[in-house]
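Asks: okay, here's the prediction I keep looking at, along with the sequence it came from:
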2 protein chains.
Amino acid sequence: MARTQGSHSGITGPRVREVALKLFAQHGYAAVSMRQIAREVGVQVGAIYNYTPDKQALLFSLLEGHMEELLAAWEAEPRPEAPQDRLEVFVRFHIRFNLARPQAIFISYMELRNLEPAHFAVIETLRKRYEAALEEILRDGQATGAFSVPDTRLASYALIAMLTGVNTWYREGGRLSIAEVADIYWDMVRKAVAAG
Amino acid sequence: MARTQGSHSGITGPRVREVALKLFAQHGYAAVSMRQIAREVGVQVGAIYNYTPDKQALLFSLLEGHMEELLAAWEAEPRPEAPQDRLEVFVRFHIRFNLARPQAIFISYMELRNLEPAHFAVIETLRKRYEAALEEILRDGQATGAFSVPDTRLASYALIAMLTGVNTWYREGGRLSIAEVADIYWDMVRKAVAAG
DNA sequence: GTCTATATCGGGATAGAC
DNA sequence: GTCTATCCCGATATAGAC
């Protein structure tokens, strides 16, 4: 059977998400129009609405998909015994994962305020689950005496901010490889929380 | 002489800036309309254009004013001899200054991509001057042997990101005072860059 | 599934009266 | 310096043909 003229056998949906992710990261959710997304995908604007009920749902779906992927990837990481080893796994994982998805990371931090309250609450819950993983490592290390942190909650915020900051300056093909960057950051993190 | 009816003897200008800062921080530059700003100021939209040629210039003026204030405030800080003491001054200054101006800090990080290229370049130059101040401290301490950082450039990025992150979670009236937060962050920073 | 056409709305910015 | 009125444009979203 011949397809309806102009039909694209199911590739338009993923393309819409790709393009929206790219444009939202580049110009910001509020500054990007559905027309612009359609143009870049190569369809008319009406066609977009076969894949999302509206613009807001598109943003939410991108953010939720990203957070689910983050949590799944973290849970698939090895989980050594010693808190110090777990912290090292976390640091290297966070840098590697974030640098592999700069656009998704970017909108995850920048576009939260453009989510409707109900959508915002969902994303916040997922984000807190990830942050809690780091804080648990710090608490364990504090309990065993491996770490000495005055406040595990603040330390987890401080470390996440520091590690996430890599995305603001890292450029592919630059002076350092991702592994080298992770080495340097791990050195600072290790010392920052070290006991004695 | 009686003033023209509706004239406000020069308070509307500052009010426009205040309100724009607040709304841009709350909803994002692209999502805020000139009508919305006018409504909150209490004038008609036409009146706004007595104080800015257009919306873009308003954003730029806010960001530039903030950066100039930041640099001036930093240059007014004490400058002790020892790099370690200078680093402590920087850490405490950065946290204190940022927490005193959460809205300006927020738009300084979030709205850079909404600046026209020429405006963006100006802000970037100012921002780099501030970052260079921290890197210089780290290089000095590395030279005297007070610090041991594998890469002063990366360390400066890491520390700035960590310190600026305070603004994402700190709330007035919370568990910790600003001074206590600064103590805790200084402890982590000190250890992260320490020699030996 | 995609298209064209359109309803409806709100945006930035300006002109000219007061 | 502020107001009212308006120009012109582009936004989201939908309807109905193919």
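Replies: All right, it came through fine.
Asks: who are the contact partners of the residue nearest to A:Leu138 when sequence neighbours are not counted?
Replies: Once flanking residues are discounted, A:Leu138 sits nearest to A:Thr152: 4.3 Å by C-beta to C-beta, 6 or more residues apart in numbering or on different chains. For every residue, glycine as well, the C-beta is placed using N, CA and C. With contacts defined as C-beta atoms under 8 Å, 6 or more residues apart in numbering or on different chains, A:Thr152 is in contact with A:Glu135, A:Leu138, A:Arg139, A:Gln142.
Asks: A:Ala143: neighbouring residues, count only.
Replies: 11 (other C-beta atoms under 10 Å in any protein chain shown).
Asks: can you list the domains in chain A?
Replies: A:1-52, A:53-193 (automatic domain parsing).
Asks: columns distance to B:Leu87 and mean pLDDT on top of the ones you listed, output as JSON lines?
Replies: As requested, those are exported to JSON lines (distance: least, C-beta to C-beta, whole Å; pLDDT from 0 to 100):
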{"stretch": "domain A:1-52", "distance to B:Leu87": "34", "mean pLDDT": "89"}
{"stretch": "domain A:53-193", "distance to B:Leu87": "14", "mean pLDDT": "98"}
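Asks: name the nearest residue to A:Pro83, sequence neighbours excluded.
Replies: Nearest one to A:Pro83, counting by C-beta to C-beta, 6+ apart, is A:Gly141 at 3.3 Å.
Asks: my read is that neighbour is in a helix, agree?
Replies: Yes - according to DSSP: H, G, I helix; E, B strand; the rest coil, A:Gly141 belongs to a helix.
Asks: now do the contacts for it.
Replies: Shown in contact with A:Gly141 (C-beta under 8 Å, 6+ apart): A:Pro83, A:Gln84, A:Leu87, A:Phe147, A:Val193.
Asks: can you pick the most crowded of the residues you listed?
Replies: Most crowded among the contacts of A:Gly141, counting by other C-beta under 10 Å, is A:Val193 at 25 neighbours.
Asks: DNA strand D contacts on chain A?
Replies: Listed as neighbours of DNA strand D in chain A under the rule C-beta under 7 Å from any atom of the strand: A:4, A:32-36, A:45-46, A:49, A:53-56.
Asks: let's see that with 6 Å instead.
Replies: By C-beta under 6 Å from any atom of the strand, the part of chain A that sits against DNA strand D consists of A:Ser33, A:Met34, A:Arg35, A:Gln36, A:Val45, A:Gly46, A:Tyr49, A:Asp54, A:Lys55.
Asks: hang on, the second one packs against A:Gln56?
Replies: No - with contacts counted by C-beta atoms under 8 Å, A:Met34 stays clear of A:Gln56, the gap being 11.2 Å.
Asks: neighbour count winner among those two?
Replies: The neighbour comparison of A:Met34 against A:Gln56 (other C-beta under 10 Å) goes to A:Met34, with 17 against 14.
Asks: from chain A, which residue is nearest to DNA strand C?
Replies: A:Gly46 (2.9 Å; C-beta to the nearest atom of the strand).
Asks: surely A:Val19 and A:Val43 touch.
Replies: No - using C-beta under 8 Å as the test, A:Val19 is too far from A:Val43 to be in contact (10.2 Å).
Asks: what's near enough to touch the closest residue to A:Ala133 other than its chain neighbours?
Replies: Of all residues not flanking A:Ala133 in the chain, A:Trp74 sits nearest, at 6.3 Å (C-beta to C-beta, 6+ apart). Residues in contact with A:Trp74 (C-beta under 8 Å, 6+ apart) are A:Phe93, A:Phe97, A:Tyr130, A:Ala133.
Asks: okay, now the third one: neighbour count?
Replies: What that stands for is A:Tyr130. Count around A:Tyr130 with other C-beta under 10 Å applied: 15.
Asks: list the contacts of it.
Replies: Listed by C-beta under 8 Å, 6+ apart, the contact partners of A:Tyr130 are A:Met67, A:Leu70, A:Leu71, A:Trp74.
Asks: for the second one, same thing?
Replies: For A:Phe97, the contacting residues are A:Leu70, A:Ala73, A:Trp74, taking C-beta under 8 Å, 6+ apart as the criterion.
Asks: and chain A, which of its residues are near chain B?
Replies: Contact residues (C-beta under 8 Å from any C-beta of the partner chain) of chain A with chain B: A:26-28, A:30-31, A:110, A:113-114, A:149-151, A:154-155, A:157-162, A:164-166, A:168-169, A:176, A:181, A:183-185, A:187-189, A:191-194.
Asks: got the contacts of A:Gly141 as a markdown table, with distance to A:Phe106 columns?
Replies: What follows is the contacts of A:Gly141, written out as a markdown table (distance: C-beta to C-beta, whole Å):
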| residue | distance to A:Phe106 |
| --- | --- |
| A:Pro83 | 31 |
| A:Gln84 | 31 |
| A:Leu87 | 25 |
| A:Phe147 | 31 |
| A:Val193 | 27 |
